[in-house]
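Visitor: A structural model of the following input is requested.
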Amino acid sequence: MSDPLISQLSSTLATEKTFEGLVRQLLVMLELVTDLESTYLTRIDLGASLQSILYSRNTRTLTIPEGLAVPWGDTLCKRALDDQQPYTDDVAAHWGDSEAARELGIATYASTPIRLEDGSLYGTLCAASSERKPFTDKGAQVLQLFAELIGQQVQKELLLQQLQEANEALRTHSYTDVLTGLPNRRAVFEELPRLFALAQRAGQQVLIAFIDLDGFKAINDQFGHEAGDAFLIAAGRRLTEGLRAGDVLGRLGGDEFVIAGLGPAPDENAAVATVALRERLAPLLHGRFDLGTQAIEYLGASFGAIAVDPEMITPEEALRLADAAMYLEKKTRKQGGLAPFQLADG
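Guide: Take a look at the predicted model:
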């Protein structure tokens, strides 16, 4: 390999930050070394039996179009692998049965497989020409070296993707209530400031409903924890049905849930908005709940519904006010002596 090529390769490896950028630079260098007019990288999907052209460089008559997908069994790459013949300057004589090669007009062809660390076949790095041309040892060495470099880069990209997916899964897990699948307390306390900031920009109030499932302890004690879990899951699902676009719903823990969303302008009637919020949500938690071995008729939860001006109050203070309003309603309901649930018929 010549010194200028080593220098160019070193510069490329140091400066190119993307997989595509690296491959395109390598294809340019591969064309210069091999003097074959088309150089390209393929991706092989063995499950679908397809080979696709990811990136290509075409400098003269022969054109290998990017995005071209052909059956894997018809490709020169597969024939070269099967025959262990990485190069020929007479494609018609060696692999004349390849329809793709005939249509593209390939006379000279060279390729090497790109394999990952586990030995799986990722694709191939190829060079081709519509003319019969020799293939030097230097060309073969560069082809193999570039294939190894691309394989290493693919491996790094896969590792990075796996790390990102693992990180996202961990983040999702840490912000999700395991039982109901709703956002948990941490997620709610991170989302509320964003909602308050949005309300400030839009010149709107924030509506908050603090919800406590009356009788939850009795359900647990009377029917068991599995029934209690089923009740929480069903309650979360029903509350989800009442959400509007942009609303925040989460389980704060135990039998407590919160819903928050944009409300009216600060100079509009907050009482009307909170009544409307309650009327939208409260009926969702009335009615029959099937809890596995038992069904109940649930008579409703305690709601603390408020509207606040985000310019005048913090999310934490707003939650405390909604919590206090909820406990006031709970106290009133308890004084009324109404049982929170009863056994369902059938």
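Visitor: what's the burial count for the closest residue to residue 75 other than its chain neighbours?
Guide: Ranked by CB to CB, 6 or more residues apart in numbering and with sequence neighbours excluded, the top spatial neighbour of residue 75 is residue 51, at 5.0 Å. The way it works is simple: take the backbone N, C-alpha and C, and place the C-beta from them, glycine included. Using other CB atoms under 10 Å, residue 51 has 24 neighbouring residues.
Visitor: tell me what whatever helix or strand residue 51 lives in is packed against?
Guide: Per DSSP states H and E, residue 51 falls inside strand 50-58. For strand 50-58, the packing partners by 3 or more CB pairs under 8 Å, 6 or more residues apart in numbering; DSSP states H and E come out as helix 19-34, strand 38-45, strand 69-71, strand 121-129.
Visitor: break the chain down into its domains, please.
Guide: 3-171, 185-343 (automatic domain parsing).
Visitor: related to what we said a few turns ago, how far is the strand holding residue 51 from where the chain is centred?
Guide: Mean-position distance between strand 50-58 and its chain equals 26 Å (CA atoms, centre = their mean, to the nearest Å).
Visitor: what do you get for stretch 48-64?
Guide: Here the centre of stretch 48-64 is set off from its chain's centre by 29 Å, with CA atoms, centre = their mean.
Visitor: could you check the angle the longest helix seen in the chain makes with strand 50-58?
Guide: Secondary structure of the chain per DSSP state H: the longest helix is helix 137-174. Here the directions of helix 137-174 and strand 50-58 differ by 120 degrees (axes from the mean of the first three to the mean of the last three CA atoms, to 10 degrees).
Visitor: quick one: average confidence on the helix or strand just after helix 137-174?
Guide: Using DSSP H and E, the helix or strand that follows helix 137-174 towards the C-terminus is helix 185-202. Averaging pLDDT along helix 185-202 gives 94.
Visitor: buried sites along helix 185-202?
Guide: For helix 185-202, burial by neighbour count (16 or more other CB atoms under 10 Å) applies to 187-189, 191-192, 195-196, 199.
Visitor: next one: stretch 223-233
Guide: Per 16+ other CB under 10 Å, stretch 223-233 contains these buried residues: 223, 227-228, 230-233.
Visitor: tell me how far the residue lying closest to residue 238 once chain neighbours are set aside lies from residue 249.
Guide: Excluding the flanking residues, the one nearest residue 238 by CB to CB, 6+ apart is residue 284, at 4.4 Å. Using CB to CB, to the nearest Å, residue 284 is found at 11 Å from residue 249.
Visitor: swap in residue 269?
Guide: From residue 269 over to residue 249 (counting by CB to CB), the distance is 24 Å.
Visitor: so between those two, which is more surrounded?
Guide: Legend: neighbour count by other CB under 10 Å for residue 269 and residue 249, higher for residue 249 (23 against 10).
Visitor: not counting sequence-adjacent ones, nearest residue to the more buried one?
Guide: Of all residues not flanking residue 249 in the chain, residue 259 sits nearest, at 5.0 Å (CB to CB, 6+ apart).
Visitor: which strand residues bridge the one you found?
Guide: residue 209, residue 249 (DSSP bridges).
Visitor: now the longest helix of the chain against helix 185-202, angle please.
Guide: For helix 137-174 against helix 185-202, the angle by the same axes, to 10 degrees is 90 degrees.
Visitor: buried residues in helix 137-174?
Guide: 139-140, 142-143, 145-147, 149-151, 153-154.
Visitor: pick out the most distant pair among the residues you listed.
Guide: Taking CB to CB, the two most distant members of these are 139 and 154; they sit 22.3 Å apart.
Visitor: any idea of the pLDDT on residue 22?
Guide: At residue 22, the model reports a pLDDT of 90.
Visitor: just residue 306 next, same as before
Guide: Confidence for residue 306, expressed as pLDDT, is 94.
Visitor: in a strand, it, correct?
Guide: Yes: the assignment for residue 306 by DSSP: H, G, I helix; E, B strand; the rest coil puts it in a strand.
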